[in-house]
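Participant: Task: produce atomic coordinates for the following.
(2 chains)
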Amino acid sequence: MLPDHLLKEAKELVKRYKMNIKQEKEFMKRLEDVYIGSKIDPGEAIGVITAESFGEPSTQMVLDTFHFAGVAEMSVTTGLSRLIEVLDARKTPSTPRMDLYLKPKYSKNVETVKKIAENIKETKMQDILKEITINIAKLQIEAEFDKRTMKDYGLKEKDLLDILKHSLKNVNMKETKEGFNCKSKEEITLSEIYRLKEKIKRIKISGLKGITRVLPVKNDEDEYIIYCAGSNLKDALQLEEIDHERTTSNNIYEISEVLGIEAARNAIIVEIQKVLDGQGLSIDIRHIMLLADIMTRNGEIKGVTRTGIAGEKESVLARAAFETPIKHILNASLIGEVDELNSVIENVILNQPIPLGTGLPQLIMRNLTEDKDEFN
Amino acid sequence: MVDIFLNEKYIGEVDNGDTFINKIKEERRKSILPNELNYYYEEKYNSIYLNTSKGRARRPLIIVKNGASLFKKEHIDAIDKGLLKWKDLLKEGIIEYVDAAEEENCYIALDENNLNKDHTHIEISPVAILGLCTSLVPYSNYGGSSRLIRGTKILKQSLGLYSSNFLLRMDTDVNILHYPQIPLTKTFMHDIFNYDKHPSGQNVVIAIMSYEGYNMSDAIIVNKGSVDRGFGRSTFFKPFSSEEKRYQGGLMDEFTIPDKEVKGYRAEKDYKFLEDDGVIYEGAKIKADDVLVGKVSPPRFLGEFEEFSIAANVKRESSVALKHGEKGVVDSVLLTENEEGNRLVQVRLREQRIPEVGDKFASRHGQKGVISYIVKTEDMPFTVSGIVPDILFSPFGIPSRMTISHLIEIIAGKVSALSGEFVDGTAFDVTPESDLKENLLKMGFKDDGTELMYNGITGKVYPARIYIGNIYYLKLKHMVANKLHARASGKIQLLTRQPIEGRLQGGGLRIGEMEKDCFVAHGAAMVLKERFDSDKTVIYVCEECGMWAVYDNYKDKESCPKCGSKVKISSIEVSYAFKLLIDELKALCVYPKIILGGKF
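Facilitator: Numbering: from 1, shown residues only, chains lettered A, B, ... in the order given. Prediction:
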């Protein structure tokens, strides 16, 4: 009757409190009663209760952003806006964030952690350029390096020019005293040269794509963690220094792509709980699990929207009762859909008993006159 | 170079902004430039904005020069003698009006003690930061700002004497408090504002204590004796009007007792108060459905004349009658003419409102509550000296809201009532709490405002001493009599056959989407069905084509308009709204076929 881990725990307790056989029997009976009592009854409206459990506390939530103070300031959206983001399954969070855990080898020393963090942070050409202008007369781009930041990043002019030559085609690069000049090999118009300038500005020099800020923080266990603004799980996990087991992102889609749908389901639960903890609210985890299960049951993440799980309902009437009724009814009439009236909303519309709670069990009575022979 | 804008329009530029501003200021103070002119120097954008336009909120401030206020003792003396007026102060450049933008360039001292060299202005009085209504709250510097805002909002909703000629007016839905009193705890604004000529509340004895648990969640308990003696009694006035309109073709309305033949005739008893001219008499005691002004109108469409040539029954009845839940006495009837020369009748209904359970009351500190219980005087707690409180206020209303001003007003009111003098509670300038306590001690009471009290029911002494004193209480315009509503069955909408909406029409109370969810969450399927079956209908379905069939009551036979009477036709019980939905889908060229199946 009881699951294994409960049974094991119960037996330990029996041993610890030195129960006699009678006491043990009574204890096991009561434990079983509690276990059965905490199971969900058939016909319980778990979906509605989940919705209400989310709906009520979310009215008390406040718009709130979480700030990391310090050199690299970072903010993370929390509260209702983040909850909506997770439940709607937005492709990218408004503030993507990654928590990089390091292997024990690297995670203790401040200097090594700082170096790793520096290498992760995405550096673009515009970060190390003091000035970049278009010389209209010569139809060329003239750029000037910022020597001080270059020194900070440990970059040399020669390397930079190599990167530039590598990533730009059909151009002539010329090194100058302060920086470089860049001219197209072909005849180009002014707007094309402007586009070229913008392209040069965005060229990645080092780091992981999308990581705009890094912040190494010491946690309670004297271990350094790198908080990153921006998320690039795929590339981050390939780094040698990273602990693959603990490193996470708050981008659920990314987790789903890199680690699979089960990880995404877990991420949904974790993200929702993070929001609730931040607001000092608590919802039974089973509600959150139900929601996460339904959002990920097809192997891909679906939001609680009319394009997501609400649009996947069997019943035409139920879909029409949610949003965009005309679209659903017309489509249903085109393909000749049949509504079996198996769920709640349809039966409310028709004023029939809903198949939940007391409406679920149905009595079948034998017709005594027909079955008389059997009884005699 | 600094850009100059006059009323948001660019007019030129100057070399030095500061000298320009100083010149503007000097000339305005010398009344060379109009005193409505205000400036704003935005140094960040190197521009000066001059404004003379209307619609800017401005306030007066005393000018400060070299760390000294220009408003001196000699001015005060001159004002006292009546030699100096406000206008003169403005003209002499002692006071000037500053708008919101110019305030950004000012450095304003709150009072003379904090004045230093950098200040440009000084407040006339610290209380000037409060508005008219806000100044009416005593001891307002002892409470939180949010409570003060609520207190002022409540003051605006209080009943009083809104106008002394109210008996001649036809205002919509107004209330008059019967025995308004001047508050014992006043502020300076009460005197300026002539508040004693039109007060809007009553002084009551309040005890902060619980009573049988009836005053939880902001409810208040009221003494029946106080109510009988006139506490919170008010009169509600409501006007009705009707006009003899003229229509095309020389037709017009007519005030009369409608003929029984008239279309839409009400019951005969509804017209019983009408006199021969079709208008009700003054002093009639009326209730719902009684007609105030009998009126018949010509038919809406002239075409009706040709079809039915009997002219009498074509007229429409269009009387003015009391709606569901209204009652009262006819206070006055006015017969007059309107601008177009049409006859106009205005009737004013009067109703006395005695405080009842559910009426809303409040103190001036944002402490509002509804009456939850009216206790017989003999059951009320009483003090050693025999004082029986008028109101019992719950102690739980205080800690989370921190309205200390409410508590101090109780002590101040007590001092005032005992000494026979008004207490001043002007913000920042109050009679100090220590003085109040001293006075209480002198008069033989405990200085913390508490007294020993007896339980009115058992006669035993309460183990705790009770905080008791006098406070000014307001009756607010929200009364249950205007809001109470319930119904079992009644009018339904023609289209959907669902109950109509609104209290005045006697409509139903909606079980909304979220209420529905509650029933679903409880699994109460049958209750849900029962609650929603206000529009249930039995309807026949052709099992062949799945469309609505017809039942002929006369022949006791069902038939399908499409498939005839030989097909199988069954009856189902559904909501009328569903039938309507199917019909509307058919109108959209969607064919919703209904497939019936046995449930078991």
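Participant: and the closest residue to A:E312 other than its chain neighbours, how many neighbours?
Facilitator: Excluding the flanking residues, the one nearest A:E312 by C-beta to C-beta, 6 or more residues apart in numbering or on different chains is A:K302, at 7.2 Å. (Each C-beta comes from the backbone N, C-alpha and C, glycine too.) Number of residues near A:K302 (other C-beta atoms under 10 Å in any protein chain shown) recorded here: 17.
Participant: In the stretch 501-600 of chain B, what residue lies closest to chain A?
Facilitator: As assessed by C-beta to the nearest C-beta, chain A sits closest to B:G523 within the stretch 501-600 of chain B, at 1.8 Å.
Participant: distance between stretch B:4-19 and the chain's centre?
Facilitator: Chain-centre distance of stretch B:4-19: 47 Å, with C-alpha atoms, centre = their mean, to the nearest Å.
Participant: and it, what's its mean pLDDT?
Facilitator: Per-residue pLDDT values over stretch B:4-19 give a mean of 90.
Participant: Before we go further, A:T77 is sitting in a strand, right?
Facilitator: Yes: under DSSP: H, G, I helix; E, B strand; the rest coil, A:T77 sits within a strand.
Participant: so it sits right up against A:R90, yeah?
Facilitator: No: using C-beta atoms under 8 Å, A:T77 is not in contact with A:R90; the gap is 11.0 Å.
Participant: Between those two, which is the more surrounded one?
Facilitator: Neighbour totals were compared for A:T77 and A:R90, and A:T77 leads with 20 against 15 (other C-beta under 10 Å).
Participant: Can you find the helix or strand in chain B with the smallest mean pLDDT?
Facilitator: Lowest by mean pLDDT, DSSP states H and E among the helices and strands of chain B is helix B:304-307, with a mean of 52.
Participant: Next SSE downstream of that helix?
Facilitator: Tracing the chain C-terminally past helix B:304-307 and defining elements by DSSP states H and E, one meets strand B:316-317 next.
Participant: packing partners for that following strand?
Facilitator: strand B:295-297 (3 or more C-beta pairs under 8 Å, 6 or more residues apart in numbering or on different chains; DSSP states H and E).
Participant: Quick one: distance of the strand it packs on to the chain centre.
Facilitator: The answer for strand B:295-297 is 35 Å, by C-alpha atoms, centre = their mean.
Participant: How about residues contacting it?
Facilitator: For strand B:295-297, contacts defined as C-beta atoms under 8 Å, 6 or more residues apart in numbering or on different chains pick out B:242, B:244-245, B:253-256, B:258-259, B:262, B:278, B:315-320.
Participant: List the neighbouring strands of that strand plus their orientation.
Facilitator: Strand pairing for strand B:295-297, determined by DSSP bridges: strand B:254-255 (antiparallel), strand B:316-317 (antiparallel).
Participant: ok, back up a step: test my guess that the residue of the stretch 501-600 of chain B closest to chain A contacts A:I40.
Facilitator: No: using C-beta under 8 Å, B:G523 is not in contact with A:I40; the gap is 11.5 Å.
Participant: Looking at those two, which one has more neighbours?
Facilitator: Between B:G523 and A:I40, B:G523 has the larger neighbour count (other C-beta under 10 Å), namely 21 against 9.
Participant: Read off the pLDDT value for the more buried one.
Facilitator: Note on B:G523: pLDDT of 92.
Participant: got any ranges where the chain has weak pLDDT?
Facilitator: Going with chain A. By pLDDT under 70, the weakly predicted segments of chain A are A:62-73, A:364, A:368-376.
Participant: sorry, should have said chain B
Facilitator: In the predicted model, chain B carries pLDDT under 70 at residues B:301-313, B:598-600.
Participant: ok, then the element right after the longest helix seen in chain A?
Facilitator: When chain A is parsed with DSSP state H, its longest helix is helix A:261-279. Sequence order places helix A:285-296 as the next helix or strand after helix A:261-279, per DSSP H and E.
Participant: Contacts for the next helix or strand after that next one next, please.
Facilitator: Downstream of helix A:285-296, the next assigned helix or strand under DSSP H and E is helix A:316-322. Helix A:316-322 is contacted by residues A:306, A:310-311, A:313, A:328-329, A:332, A:337, A:339, A:341, A:343-346, A:349 when judged by C-beta under 8 Å, 6+ apart.
Participant: returning to that earlier point: looking at the strands paired with strand B:295-297, which is nearest to A:P96?
Facilitator: Of all these, the one in closest proximity to A:P96, counting by C-beta to C-beta, is strand B:316-317 (69.1 Å).
Participant: Who does B:I95 form a beta bridge with?
Facilitator: Beta bridges link B:I95 to B:I62, judged by DSSP bridges.
Participant: what's the distance between the residue most central in space within chain B and chain A?
Facilitator: Central residue of chain B (C-alpha atoms, centre = their mean): B:Q157, 5.3 Å from the mean position. Relative to chain A, B:Q157 is positioned 27 Å away (C-beta to the nearest C-beta, to the nearest Å).
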